[in-house]
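*Asks:* sequence first, predicted coordinates after that:
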Amino acid sequence: MTSALAPYAAHDDQTRGRRHAEPKPRYRTEYQRDRDRIVHSTAFRRLVYKTQVFVNHEGDLFRTRLTHTLEVAQIARTVAGQLRLNESLAEAICLAHDLGHTPFGHAGQDALNECMADFGGFEHNLQSLRVVDELEERYAAFDGLNLTFECREGILKHCSYKNALALGDVGERFVNREQPSLEAQLANFADEIAYNNHDIDDGIRAGLIDVEGLAAVPLFAELHGEVLAKHPRLGGRRLIHEIVRRMIDHLVTDLIESSTARLHESGVASIQEVRTQRQFMIGFSEETARANQALKSFLREHLYRHYKVRRMTTKARRVVRELFDAFFAEPALMPDEHRASGTRREAIQGPAGRARAVADYIAGMTDRYAILEHRRLFDPSERT
Ligand code: MG
């Protein structure tokens, strides 16, 4: 189907390839193979027990990192199809984008980053790349999943200058101030559209925010009015879903239209030209960017900083911190296979290597595994 792709899409036959050369896939495109490798990975399966905002055991109906990931991938595929971009690449990037997340969402990552302050820090985005490049153990010939350059570049959403220099090929664009593929650009927006909207849904379900409060968000208020004009007596969950689906549609439509216009105006005719643009070609219109920002601010203020969410995040930070301190002080407490950093099995040389091995172990944990490990380490009545 390559012929249907736009000239500025990531074309399969123009991939910069894999770190370890492999024969072409027989039945799939290169990016479909990436996608399948991600879906088959251990880290992907763990997403089901990792927190998005609400900790998994708080309820069965909240998004987990896995269902969030699937929503992101679906949004990205729709937009990619409309822009004639490579759907499989966009999908693969989205499916991998959160593989490096710690247990307990951002609270876990912040805690681990603090623990790693003297050892290069911890960043979930870099960790996602580390998972697919080094930590997955599936192949005889190499560590990681050996994904294409374009998929790895898309996973690395942001990166410090210092880290970029150390990362080689996928870090180059941060050093040269270039842009990633349009599929990678798109993945960022699909992520944002997905979480802003599902967090409204989950937040209302959890009783932490409500429809009345959301009237402060102009886009929500406008679409609330639209739904009520059509269905005056609608309430409850159906009302929320009718509003949220319109919000997603509004954001996706604007993203498609604004990006199409920008691509047209710029006249870019290849992925090389996309890379040398000064900024992203994919994006919202100014008006929708403002509306989206208002939504994000509302969620930050009223949901992520809600005292009930904070209590959970404070507990989560404590668990991660205590796990880190215990394992760092005594690496022999870790299961044998985690006592080296990555599958390269570099010996734990000095504190930095030891810290990285501990961080890899903790980052790979699901919420419930972290809670169990914490109990095993600190509760003498718990089996070890
Ligand atoms: Mg995400």
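*Replies:* Received it, and whenever you're ready, just let me know what you need. Residues are numbered from 1 along each chain as shown.
*Asks:* I'd assumed residue 339 was in contact with residue 331.
*Replies:* Yes. Contact criterion C-beta atoms under 8 Å: residue 331 and residue 339 qualify, at 5.5 Å. Using the backbone N, CA and C atoms, a C-beta is placed for each residue, glycine as well.
*Asks:* run the chain-centre distance for stretch 257-267.
*Replies:* Relative to its parent chain, stretch 257-267 has a centroid offset of 26 Å by C-alpha atoms, centre = their mean, to the nearest Å.
*Asks:* residues of it that come out buried?
*Replies:* Neighbour-count burial for stretch 257-267, counted by 16 or more other C-beta atoms under 10 Å, picks out 258-260, 262-263.
*Asks:* Provide the contact partners of that stretch at residue level.
*Replies:* For stretch 257-267, contacts defined as C-beta atoms under 8 Å, 6 or more residues apart in numbering pick out 6, 8, 79, 82-83, 182, 186, 273, 277, 281-285, 288.
*Asks:* need the three-state assignment for whichever residue of the stretch 1-150 of the chain sits closest to the ion.
*Replies:* Residue nearest to the ion within the stretch 1-150 of the chain (C-beta to the ion): residue 98, separated by 4.6 Å. Under the three-state scheme (DSSP: H, G, I helix; E, B strand; the rest coil), residue 98 adopts coil.
*Asks:* what's it in contact with, if anything?
*Replies:* Contact analysis of residue 98 by C-beta under 8 Å, 6+ apart lists 47, 50, 65, 68-69, 124, 128.
*Asks:* again, but for residue 217
*Replies:* Here residue 217 is in contact with 294-295, 298 (C-beta under 8 Å, 6+ apart).
*Asks:* which among those residues end up buried?
*Replies:* Those of those that meet the buried threshold are 295, 298, by 16+ other C-beta under 10 Å.
*Asks:* among the contacts of residue 217, name the ones in helices.
*Replies:* Members of these lying in helices (criterion: DSSP state H): 294-295, 298.
*Asks:* any idea which of the residues you listed is closest to the ion?
*Replies:* residue 295 (15.9 Å).
*Asks:* pLDDT score for that closest one?
*Replies:* You'll see residue 295 listed with a pLDDT of 96.
*Asks:* just want the residue of the stretch 151-300 of the chain that's nearest the ion.
*Replies:* Residue nearest to the ion within the stretch 151-300 of the chain: residue 191 (4.3 Å; C-beta to the ion).
*Asks:* need the three-state assignment for residue 284.
*Replies:* Judged by three-state DSSP, the three-state class of residue 284 is coil.
*Asks:* burial of it, as a residue count?
*Replies:* A count of nearby residues for residue 284, using other C-beta atoms under 10 Å, gives 20.
*Asks:* ok, residue 375 to residue 211 distance?
*Replies:* Relative to residue 211, residue 375 is positioned 39 Å away (C-beta to C-beta, to the nearest Å).
*Asks:* identify the farthest-apart pair in the contacts of stretch 257-267.
*Replies:* Farthest-apart pair in those is 273 and 288; separation 25.3 Å (C-beta to C-beta).
*Asks:* after the longest helix seen in the chain, which helix or strand is next?
*Replies:* For the chain, the longest helix by residue count, based on DSSP H, is helix 236-266. Next helix or strand after helix 236-266 toward the C-terminus (DSSP states H and E): helix 271-275.
*Asks:* from the middle of its chain, how far away would that following helix be?
*Replies:* Centroid separation for helix 271-275 versus its chain: 24 Å, with C-alpha atoms, centre = their mean.
*Asks:* go on, stretch 190-199?
*Replies:* Mean-position distance between stretch 190-199 and its chain equals 11 Å (C-alpha atoms, centre = their mean).
*Asks:* output it as PDB, nothing but the C-alphas.
*Replies:* Extracted as PDB, the C-alpha positions of stretch 190-199 are listed here (Å, rounded to 0.1, in the frame of the first residue of the first chain):
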ATOM      1  CA  ALA A 190      -2.400  11.400  19.900                       C
ATOM      2  CA  ASP A 191      -1.000  10.900  23.400                       C
ATOM      3  CA  GLU A 192      -2.200  14.200  24.500                       C
ATOM      4  CA  ILE A 193      -5.700  13.900  23.000                       C
ATOM      5  CA  ALA A 194      -6.100  10.500  24.500                       C
ATOM      6  CA  TYR A 195      -5.100  11.300  28.100                       C
ATOM      7  CA  ASN A 196      -6.800  14.700  28.400                       C
ATOM      8  CA  ASN A 197     -10.100  13.100  27.400                       C
ATOM      9  CA  HIS A 198      -9.900   9.900  29.200                       C
ATOM     10  CA  ASP A 199      -8.800  11.700  32.400                       C
END
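*Asks:* contacting residues around that stretch?
*Replies:* 52-53, 63, 68, 71-73, 75-76, 79, 90, 94, 97, 244, 247-248, 251-252, 255, 292, 295-296, 299, 303.
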